[in-house]
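Engineer: Can you look at this prediction? I've put the sequence above it.
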Amino acid sequence: MTEKDLVIIGGGAAGMSSGIFASRLGLNTVILEQLMPGGQVINSEHIEDYPGFPEGISGAELTAKMQDQAMSNGVDIELSEVTDITDENDRWIVQTTAGAKSTKAIIIAGGSSLRKLQVKGEDELVGAGVSYCATCDGAFFIDQNVCVIGGGDSALEEALTLTNFAGSVEIFCRGETLHGQKVLVDRANANDKINIHTNVEITEIHGNEMVDGASLRNLVSGETTRIDTDGVFIFVGLEPNSDYLSPLMELDGGGHIKTDSRMRTSKAGILAAGDIRSQSASQLIAAAGDGATAAITAFEYVKSGIWSTR
């Protein structure tokens, strides 16, 4: 069993920020990441609202810089999946697919996963016209007609990305108006390739081997129609990656971990940061800030042994 001062679960912005701060404070730290460092941000083609990059930066490039900075500060990064967390003699035991870790403190920064529509045809046609990443799959739809489901920042950013490839992009939003940042809404409205439809929901995705259409319901009139489309890109929010934590700690109704302002949970020595925690702003810069706060709080706890939420 490997002993650490701090185990960080998740290698996104919150986890990397935690690792950088914790290591610089002198904690022996490891970041555990199930797939690849970066989290959801790695799929972003162009990030414009992260300070220090006035011309913007891709998610992949920013992730690489964060990882390099963490490693240069002495953080270990291990690709493994957490399977269990238990307490033993005033320490936490983190079981992973690569072996157990014994630690005084844990920062849970596991982030979130894209929410599914959960309509007929969605699961069956993933990879065959149904996608959750325009940056990854947009090039497969050169001059074709696609639709984007959602009305927030992610949906608008991905729709704008798709205009670099597709012939036309139809945005379908359940709300009366789009609810993304004004700058993104303005860009979408000004783009000749984008058509915006509000008060509409997708009820089914059609296709045999490939997507060829979708059924829509107008939420005002109740009318149902079928449209032809070559691709359906879904961006309808995020679900916290917290299923394995419900027996261990208190979650809110949406599955987010409850914390105080110092990122402390109800369990001494366990903190949470980023999208996985309750009342997160769900923004990249906020996740990084959460990570820094969590690392400082973890350092204070490791050195003092004092834990008090308020």
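Structural biologist: Sure thing, it's come through. Numbers count the residues shown, from 1 in each chain.
Engineer: got a list of what Leu27 touches?
Structural biologist: By C-beta atoms under 8 Å, 6 or more residues apart in numbering, Leu27 lies in contact with 5-6, 295, 298-299, 302. Using the backbone N, CA and C atoms, a C-beta is placed for each residue, glycine as well.
Engineer: By neighbours, which of those wins?
Structural biologist: Looking at the contacts of Leu27 with neighbours defined as other C-beta atoms under 10 Å, the largest count falls to Ala298 at 32 neighbours.
Engineer: Need the nearest residue in space to that one, chain neighbours excluded.
Structural biologist: Ala105 (4.3 Å; C-beta to C-beta, 6 or more residues apart in numbering).
Engineer: so how many other residues sit close to the one you found?
Structural biologist: What Ala105 shows, counting by other C-beta under 10 Å, is a neighbour count of 27.
Engineer: same check, this time on the one 10 residues further on
Structural biologist: Residues within reach of Arg115, counting by other C-beta under 10 Å, total 14.
Engineer: go on, the one 4 residues further on?
Structural biologist: Using other C-beta under 10 Å, Val119 has 17 other residues around it.
Engineer: Return the residues in contact with it.
Structural biologist: 202-205.
Engineer: Low-confidence stretches in this structure?
Structural biologist: 309-310 (pLDDT under 70).
Engineer: repeat that for 90
Structural biologist: Applying pLDDT under 90 to the chain flags the ranges 1, 35-45, 89-90, 135, 243-244, 246-247, 249-250, 282, 308-310.
Engineer: Regarding this protein, what is its longest strand?
Structural biologist: Secondary structure assigned by DSSP state E gives strand 99-108 as the longest strand of the chain.
Engineer: Give me the residues contacting the helix or strand that that strand is followed by.
Structural biologist: Remark: after strand 99-108, the chain's next helix or strand is strand 112-114, criterion DSSP states H and E. The contact list for strand 112-114 (C-beta under 8 Å, 6+ apart) reads 40, 132, 234-235, 237-241, 275-276, 282.
Engineer: Now with 7 Å, please.
Structural biologist: With C-beta atoms under 7 Å, 6 or more residues apart in numbering as the contact definition, strand 112-114 has outside contacts at 40, 132, 238-241, 275-276.
Engineer: before we move on, what about stretch 169-184?
Structural biologist: Contact with stretch 169-184 is made by 146-153, 155-157, 159, 162-163, 185, 188, 193-202, 216, 219, as judged by C-beta under 7 Å, 6+ apart.
Engineer: List only those of the residues you listed flagged as buried.
Structural biologist: The neighbour-count test (16 or more other C-beta atoms under 10 Å) marks 146-153, 155-157, 159, 162-163, 185, 188, 193-194, 196, 198, 200-202, 216 as buried among these.
Engineer: Show me this structure divided up by domain.
Structural biologist: By the assignment in automatic domain parsing, the chain contains the domains 2-113+238-304, 116-234.
Engineer: any chance you could map the helices in the protein?
Structural biologist: For the chain, the helices identified by DSSP state H occupy 13-24, 59-72, 134-137, 153-162, 182-190, 284-304, in order along the chain.
Engineer: Quick one: list the elements packing against the third one.
Structural biologist: Using 3 or more C-beta pairs under 7 Å, 6 or more residues apart in numbering; DSSP states H and E as the contact criterion, the elements in contact with helix 134-137 are helix 153-162.
Engineer: could you give the angle of the helix it packs on to helix 182-190?
Structural biologist: Helix 153-162 runs at 40 degrees relative to helix 182-190, counting by axes from the mean of the first three to the mean of the last three C-alpha atoms, to 10 degrees.
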